[in-house]
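Engineer: I would like the atomic coordinates for the input below:
(chains A and B)
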Protein chains: 2
Amino acid sequence: MAPLVSDGLTLEMVRDFLIGQEDTIIFCLLQRAKHPLNKNAYDKSFPAIPGRSGSFADIMIRDAESLYAKFGRYENPEEHPFFPECLPGSCVTGASFPKIFHPAAASINVNPAVWNAYFDQLLPLIAEPGDDGNYATTVACDLACLQALSKRIHYGKYVAEVKFRNETDKYEPAIRSRDREALMNLLTFKKVEEMVKRRVEKKAMTFGQEVTLDDSKERRKIDPGVVSRMYDEWVMPLTKEVEVEYLLLRLD
Amino acid sequence: MAPLVSDGLTLEMVRDFLIGQEDTIIFCLLQRAKHPLNKNAYDKSFPAIPGRSGSFADIMIRDAESLYAKFGRYENPEEHPFFPECLPGSCVTGASFPKIFHPAAASINVNPAVWNAYFDQLLPLIAEPGDDGNYATTVACDLACLQALSKRIHYGKYVAEVKFRNETDKYEPAIRSRDREALMNLLTFKKVEEMVKRRVEKKAMTFGQEVTLDDSKERRKIDPGVVSRMYDEWVMPLTKEVEVEYLLLRLD
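Structural biologist: Reported below is the predicted structural model:
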């Protein structure tokens, strides 16, 4: 992926990012699927770390995000933390990222919905029951999945910005009248969504196959239909939710 | 991957792990290849974090390993830190892992060689020149690559243990006479190594392709030949080095 080094934002760049991010999401899910469910890691009543409250996953992800914050990860407007309330500032000097968004866009963070969809709906469909005791490694995989999904979904800000710039006249009336439904309709392209669903299913088949030298095996490591459903039921809807929220702030 | 929940170690389990880990390594390399080289992140003379010495990558990986240690990652004998000298103890109670190795095996850690091969040889071959400023995300990808490679290479301990158990008579004389060359010969199967090289190349082609609905694109995200060379020149040699070191301790 070429970085957005200057604000030469184009629809093609946004599209390329979204397509590339499909691979990242599927690679992360395949890694997580190597471990069993390890449900104690998500159980708030299971004593994980003495003196700290929350599940093992809550605590470890909070600490990992503090580390990332210190190293400047969230200075990049493409990244959104899951526990933004108590992150330390960045210790890194240097890197600055182009200002593409309307300043109010920073307030949009749908990660609570990403978190719930991932842990409550998706995870039980990709991880086998069981416990291998490798909670730290497993939760590191969870965080990689969450970050990949969150990045895709919050890229809705770029999608909305580029669409708004290309067709300002079309979006402005619906923004001024705060008509969410009209905005959602303007942002919805059923044929494109069907294509995305078919493509991620094909990718999950391709990347999840057991590659051997004699082409004999066909076992899939995750069900490709689950990836397609995930895109249909919450990745694309949440992305559009971000787009609508962004547009509603765009003229402020 | 089924966990080694009891010591029912078999050659097949070890082989399955090694094959599955090929996918993990390639997924991690593909993720790293999405970012440009970002060479300042590895430059010890580039001021990364005020008040701390080392490159951005040195400091961040050291801190990330401290976090992982706290959450018990290195209690699992399959995991080896890159900065073992000053890790905090695990805060996690509970998880215990089966004792499969000879106790002295814990002292074997070839991560310095893994680190050098990754940063000096491999990284320049998979990352395009350039700088996108996303050092925290890039180094997180580096750490994932390092951990995946390290896990594969240190799995040599299991390989050696299972081979020793299956053919103790064959290995014992070479161990007693501390004959490294004889051990290396006993552990080397040229035909198997050639097959591994061809398989990882095929995997890199399969997982690195640009999957589209109409099968039109053929662009590869990393050069499959690089993955095959990496296995040939240092993944398999370092794995065998771990095997030899392990066997030399096996009768102590």
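Engineer: check which helix or strand covers the residue lying closest to A:A174 once chain neighbours are set aside.
Structural biologist: Of all residues not flanking A:A174 in the chain, A:A182 sits nearest, at 4.0 Å (CB to CB, 6 or more residues apart in numbering or on different chains). C-beta: built from backbone N, CA, C; applies to glycine. Per DSSP states H and E: A:A182 is located in helix A:180-187.
Engineer: and that helix, how far out from the chain middle?
Structural biologist: 22 Å (CA atoms, centre = their mean, to the nearest Å).
Engineer: report the buried residues of it.
Structural biologist: By neighbour count with 16 or more other CB atoms under 10 Å in any protein chain shown, helix A:180-187 contains the buried residues A:L183, A:M184, A:L186, A:L187.
Engineer: now tabulate those in JSON lines and tack on pLDDT and distance to chain B.
Structural biologist: Output for the buried residues of helix A:180-187, formatted as JSON lines (pLDDT from 0 to 100; distance: CB to the nearest CB, whole Å):
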{"residue": "A:L183", "pLDDT": "98", "distance to chain B": "28"}
{"residue": "A:M184", "pLDDT": "97", "distance to chain B": "25"}
{"residue": "A:L186", "pLDDT": "96", "distance to chain B": "25"}
{"residue": "A:L187", "pLDDT": "96", "distance to chain B": "22"}
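Engineer: and the two most separated of the residues you listed?
Structural biologist: With CB to CB as the measure, no two of those lie farther apart than A:M184 and A:L186, at 7.4 Å.
Engineer: please name the residues that touch A:Y158.
Structural biologist: A:L4, A:L9, A:V14, A:F17, A:I100 (CB atoms under 8 Å, 6 or more residues apart in numbering or on different chains).
Engineer: interface residues of the stretch 151-252 of chain A facing chain B?
Structural biologist: Residues of the stretch 151-252 of chain A that fall close to chain B, judged by CB under 8 Å from any CB of the partner chain: A:M195, A:R198, A:R199, A:K202, A:K203, A:T206, A:F207, A:Q209, A:V211, A:T212, A:L213.
Engineer: go again using 6 Å as the cut-off
Structural biologist: Residues of the stretch 151-252 of chain A found near chain B (CB under 6 Å from any CB of the partner chain) are A:R198, A:R199, A:K202, A:K203, A:T206, A:F207, A:V211, A:L213.
Engineer: helices of the stretch 51-200 of chain A, residue ranges please.
Structural biologist: A:56-70, A:111-116, A:123-126, A:135-154, A:156-166, A:168-176, A:180-187, A:190-207 (DSSP state H, counting those that start in this stretch).
Engineer: ranking these by burial, who's on top?
Structural biologist: Mean neighbour count (mean count of other CB atoms under 10 Å in any protein chain shown) peaks for helix A:135-154 among the helices of the stretch 51-200 of chain A, with a mean of 23.
Engineer: what distance do you get for A:V92 to chain B?
Structural biologist: Counting by CB to the nearest CB, to the nearest Å, the separation of A:V92 from chain B is 7 Å.
Engineer: and stretch A:107-116, how far out from the chain's middle?
Structural biologist: Relative to the centre of its chain, stretch A:107-116 is centred 9 Å away, using CA atoms, centre = their mean.
Engineer: send me it as PDB with only the CA atoms.
Structural biologist: Output of stretch A:107-116 as PDB, limited to C-alpha atoms (Å, rounded to 0.1, in the frame of the first residue of the first chain):
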ATOM      1  CA  SER A 107     -14.200  11.800  17.600                       C
ATOM      2  CA  ILE A 108     -15.600   8.900  15.500                       C
ATOM      3  CA  ASN A 109     -14.700   5.500  17.000                       C
ATOM      4  CA  VAL A 110     -17.000   2.600  16.500                       C
ATOM      5  CA  ASN A 111     -14.600   0.100  18.200                       C
ATOM      6  CA  PRO A 112     -17.000  -0.900  20.900                       C
ATOM      7  CA  ALA A 113     -19.200  -2.400  18.100                       C
ATOM      8  CA  VAL A 114     -16.200  -4.000  16.500                       C
ATOM      9  CA  TRP A 115     -15.200  -5.500  19.800                       C
ATOM     10  CA  ASN A 116     -18.600  -7.000  20.500                       C
END
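Engineer: which residues touch that stretch?
Structural biologist: With CB atoms under 6 Å, 6 or more residues apart in numbering or on different chains as the contact definition, stretch A:107-116 has outside contacts at A:H80, A:F82, A:L149, A:S150, A:L238, A:V242, A:E245.
Engineer: mind doing that once more with 7 Å?
Structural biologist: By CB atoms under 7 Å, 6 or more residues apart in numbering or on different chains, the residues outside stretch A:107-116 that reach it are A:80, A:82, A:84, A:146, A:149-150, A:153, A:157, A:238, A:241-242, A:245-246.
Engineer: now for the longest helix anywhere in chain A, which elements pack on it?
Structural biologist: In chain A, with assignment by DSSP state H, the single longest helix is helix A:11-32. Judged by 3 or more CB pairs under 7 Å, 6 or more residues apart in numbering or on different chains; DSSP states H and E, helix A:11-32 is in contact with helix A:135-154, helix A:156-166, helix A:190-207, helix B:11-32.
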